[in-house]
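In: pasting the sequence and the predicted model now:
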Amino acid sequence: MHIKFEDVTYTYMLGSPFEKRALNGVDVSISSGSFTAVVGSTGSGKSTLMQHINGLLVPTSGQVTVDSTVLQPGVKRKVIKPLRKKVGMVFQYPEHQLFGSTVEEDILFGPIQHGMSVERVKRRLPELLNLVGLHEDYLHESPFQLSGGQMRRVAIAGVLATEPEVLILDEPAAGLDPSGHRALLQLFRSWHEEHGLTTVLVTHDMEDAANYADDVIVMNEGSVKLQGKPIDVFREVESLTAMNLAVPPAVRIGMALRRSNWSIDVTNQSSEQLAEQLMTNWPEKGGH
Amino acid sequence: MLQNIVIGQYVPVESPIHRLDARSKILAVLLMAVVVFLANDVMTNAILVTFVSLLVLLSKVPLRFFIKGMLPIFILIAFTFILHALFTNEGEVLFTVLGFSVYSGGIIQGLFIAIRIGALVIIASLLTLTTSPIDLTDGFEAYLRPFKRFGVPSHEIALMMAISIRLIPTLLLEADRILKAQSARGADFTKGSLKTRLNTMTAFIIPLFVRSFKRAEDMATAMDARGYRGGEGRTKLRILKWQGKDTVAIVLIVLFGCTLGILRYV
Amino acid sequence: MSTIECKNVFFKYTDEQDWIIQDLSITIKQGEWVSILGTNGSGKSTLARLINALLTPTSGAVTVAGKSTDDEGEIWNIRQKAGMVFQNPDHQFVAATVRDDIAFGLENAGVARDEMLKRIASASERVGVDDLLFAEPHRLSGGQKQRAAIAGVLALQPDIMIFDEATAMLDPKGRKEVMATMKQLHERGITILMITHELEEALESDRVVFMEHGKIINDSKAEEFFQKPEFLVERDFHLPYFLQVQKHLVENGFQTNYLLDEDEWVKSLCTSNSRM
C-alpha cells in the first residue's frame, strides 16, 4: 500500500500554553512494497510521523493518504477503524503490552478486535509461533512466565496475527542483545518478502537501515531532510553528522580508505566484500 | 506531549505567595478555614471577598488558568446558592419560580454561603497553585513530625508522597503508550457492550499494573543500592526556612480574622 | 583502596534452583576497568549484585576492601564504596528533581547539609548535569537521566562503580554520553565494573571477563581477549564491522594481529598503501 504525506503538520497540546510542534510540513511518500527505514535522532519526529499511518495521531494540518484512505484533521472514527486492520504496528518494548492469561489469548486479541475468523487464525498459530522463533507448546502458558526476549516474540506474533498489509516497526529491537537484535530484524525482513508487505522501520541504528532497508528517510527537527537509496543517503556524511547521526561503518571506513588511494567501492558492503577488495589491492602482494 | 503536564496544578511563577514557606501557607489555610465563618453580613462578606481577591492577584497565577481550574467547583457553588435561595423563607417575597417563592432572605443567605465556600476553595487551591508538590510534602512532614512519638511514620509518609508525585508523569506516559499499542491492535475503548468493553479495558489495565509492579521492584532495589534504610540517621537537603515574611503573613491572617470578629460581634 | 575479591562463590535464590553462580573466584584491583560479557542468563547481573551486597553468596565469600558482604554491619559501607547504576533510567530516579535525586544517597548516608551542597555541586559538574539540577525527570533524555544517576552515586565518593547494562535502553547519543562519563571516572582512578553485551563498549575496557552458566570461562586483558574473535563468533556475538574485516584479513594471512581501535587500524592500512 502506498503511503503519502502531504504538508503534514502536527502540534502536541494544541491551543494550550504548552503547545509543541512535532512535525513541520512533511511531504514524503513511501512506495508500496518497499522496506523503508525512517532514521533520525531522538525528538526528530520520526515516531510522531509513523503514528499518523494508522490514525493514532491525526494531522493538525495537511493530509496523509494510505492506499485509498485519506486522513485529514477531523477525520471520522469509522474511517480510521478499518485502517488499523491493514496497518500493524510494533512499538518499542512491545512486551509491555502483553496482558493475556495465555500466549494464545494474547495473540488472538488483535484478530478478535478486528473481527477476523478466530478459528482460521487459531489453526495458523503453531506455525506463526514457530516463525517468530517460539515452540508451539508455549501457546497455553502465561506470557508472564517467559523471558524478556520470548515475551517480545509473543507480542510481535500478536501483531503479525492480524495479517497487516503495512507493518510499522518502531525500534522493535531496542534493548535486545546483539544476536537477538539481528534475529528479530531478519525475521521482519523475511516476513516482508514472503507476504509482500510495505514495511516501515523506525530506528536510530544506521547499520540496521543499511542492512535491511531499500529506502531511507532521514528526519530532523520535524522535517524530512534526506530520502533515497541507503548508499546515496549515507554518502551525505556531513549533513548526517550535523544531525547527530552516525554513518554506517562500511561507508565510514570505505571513505577513509578511498581518501588514501585504496581503490575500493564505497558502498554498504559486507565485511567479507571489503576484505576481498583490500586483499586484491594489497600493496605488498597485489601492487607488485 | 506529556512532558508539559502540570503536576498538582503547581504554577511556577515568582510571587510573594510563592516565596512563603510551605508551613506558613498550610497554617494560613487552616486559619482561613475558621476565619471565613466569621463573615455573616454584607459588610464582613464584602471584606472577605476583597481579601481573597487580593490574595489571588498577589499569587500572580494567570487568571484564565485559575478560573478554568475552578469552573467545576463554581458550578457546585452555584447549585448550593440556588438551593438556599429556593428553600429559605425569610424576608419579603421577591418573585415566584416553578411554584417556589423566592425570598430576599434566601438570596442573601445563599450568597453568603456561596461566598464562604468559594473563599475556602480558592484559598485551598492557592496553596497547591503556589507551592511545588515537593515543598508541600516537606511542609506536611514538618507538621507530622511531632506525632512520630505516637507511631506516625512521618518520614515514610512524606517519601511515599514524594515518589508518587515523581511517578505521575511516568505513569501517564506509560498509559499513553499502552493505550496506543492496544488501539493499534484494534482495541476500541469506546464501543461495544459493557462486557466487551470491560474485556478491552483489561488489555489496558493489566499491562499498566504489571509495569508498575516491575517499576516498584526495580526502584526498591535501586533505593537499597543507594543506601536507603528508613528515616533513622538521615539528613535532609531541603530545609524549610521560616522567615520574617512568614510570620508577617500569619499575623496578617490573624489580624484579618480579628477584624471580621470585631465587626461581627460589636 | 578497595579490592574486590570473590572466593569460591556459589549462589542461588531457592534450594530447588540450579546454581546461578557456581564456584566463581575473581580479584579486581582498584582502578581497573572490567567488562563483564556473557550470554543471557550467564549470571553477570547476579555477580554485580553480589559485589554491591544486594545479594549475599549461598556459599563462599565476597569481600570489598577486606569487608565481607555477609557482615550485616558493613553492608552500608560496602554499598557506599561500590555504587551501582542500573539499566532502566526511569526506575532508579527517586526524587522530583536532579538535585534532590543526587541528594538522596547523601541523605541516606547522613551527610551534613553543607557538605551535601558541595558534593552535589562537584558531582553534577563532573558528569555535566550541573545545568539540569532543577529539571524534573520527565523532561530529561535517557542519557541525562543516567548521568544524573551516576552523579548520585559519585556524590557518595565511591571507589567502585558498577554499571549493570546502563546503556542498553539509551539512544546512540545517550550511549556516547554515558561511555564518555565512564572513561572520565576511570581516569580518576575509580574501578569500573561494566556489564554489557555491546562489544564496542567492551573494547574501551582494560579487562574482559566472560561468563557462561554462572562461571567465568575467560578472564583476560582486553587486547588479548579480542585477538581471538572466534571465541565470540562461536557464541553468536556480532563483531564490530572493522573487526569482522580484520578477521578475514587475519585468516588469509594479510594481517597478523588485530588492532582494536578503528581509527588506528584504518590509519595503518592507509600508511601501508602509501608505500606503494
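Out: Cool, the structure landed. Numbers count the residues shown, from 1 in each chain, chains lettered A, B, ... in the order given.
In: chain A contacts on chain B?
Out: Chain B has residues B:1, B:3-4, B:65, B:174, B:177-178, B:180-188, B:200, B:202-203, B:205-207, B:210-211 near chain A, with proximity defined as CB under 8 Å from any CB of the partner chain. Using the backbone N, CA and C atoms, a C-beta is placed for each residue, glycine as well.
In: any idea how the chain splits into domains?
Out: I went with chain A, as the question did not name one. Following automatic domain parsing, one finds the domains of chain A at A:3-247, A:248-281.
In: my question was about chain C, not that one.
Out: Using automatic domain parsing, the domains assigned to chain C come out as C:2-238, C:240-276.
In: could you dump the ones you listed to a markdown table with mean neighbour count, distance to chain B and mean pLDDT?
Out: As requested, those are exported to a markdown table (neighbours: other CB atoms under 10 Å in any protein chain shown; distance: least, CB to the nearest CB, whole Å; pLDDT from 0 to 100):
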| stretch | mean neighbour count | distance to chain B | mean pLDDT |
| --- | --- | --- | --- |
| domain C:2-238 | 19 | 4 | 94 |
| domain C:240-276 | 17 | 30 | 88 |
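In: can you list those domains in a markdown table and add distance to chain A?
Out: Compiled in a markdown table, those are given as follows (distance: least, CB to the nearest CB, whole Å):
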| stretch | distance to chain A |
| --- | --- |
| domain C:2-238 | 4 |
| domain C:240-276 | 3 |
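In: looking at the ones you listed, which is closest to A:Ile112?
Out: Each of those was checked against A:Ile112 via CB to CB, and the shortest separation belongs to domain C:2-238, namely 32.1 Å.
In: which one is B:Asn89 nearest to, not counting chain neighbours?
Out: Once flanking residues are discounted, B:Asn89 sits nearest to B:Tyr103: 5.6 Å by CB to CB, 6 or more residues apart in numbering or on different chains.
In: just the endpoints, please. Distance across stretch C:68-79?
Out: For stretch C:68-79, the first and last residues are 12 Å from each other (CA to CA, to the nearest Å).
In: actually, stretch C:122-135.
Out: Across its full length, stretch C:122-135 reaches 17 Å end to end, with CA to CA as the criterion.
In: what's next to it, contact-wise?
Out: Residues external to stretch C:122-135 that are found in contact with it (CB atoms under 8 Å, 6 or more residues apart in numbering or on different chains): C:97-99, C:102, C:120-121, C:140, C:144, C:147-148, C:150-152, C:154-155, C:177, C:181, C:184.
In: now with 6 Å?
Out: Applying CB atoms under 6 Å, 6 or more residues apart in numbering or on different chains, the external contacts of stretch C:122-135 come out as C:Thr97, C:Val98, C:Arg99, C:Arg147, C:Ala148, C:Ile150, C:Ala151, C:Leu154, C:Ala155, C:Thr181.
In: against C:Gly143, how distant is the second one?
Out: So that's C:Val98. Here the criterion is CB to CB, to the nearest Å. By it, C:Val98 lies 13 Å from C:Gly143.
In: ditto for B:Phe74
Out: Distance from B:Phe74 to C:Gly143, counting by CB to CB: 45 Å.
In: where do the helices of chain B begin and end?
Out: Counting by DSSP state H, chain B has helices at residues B:22-35, B:42-59, B:63-87, B:104-130, B:133-144, B:154-184, B:194-225, B:244-265.
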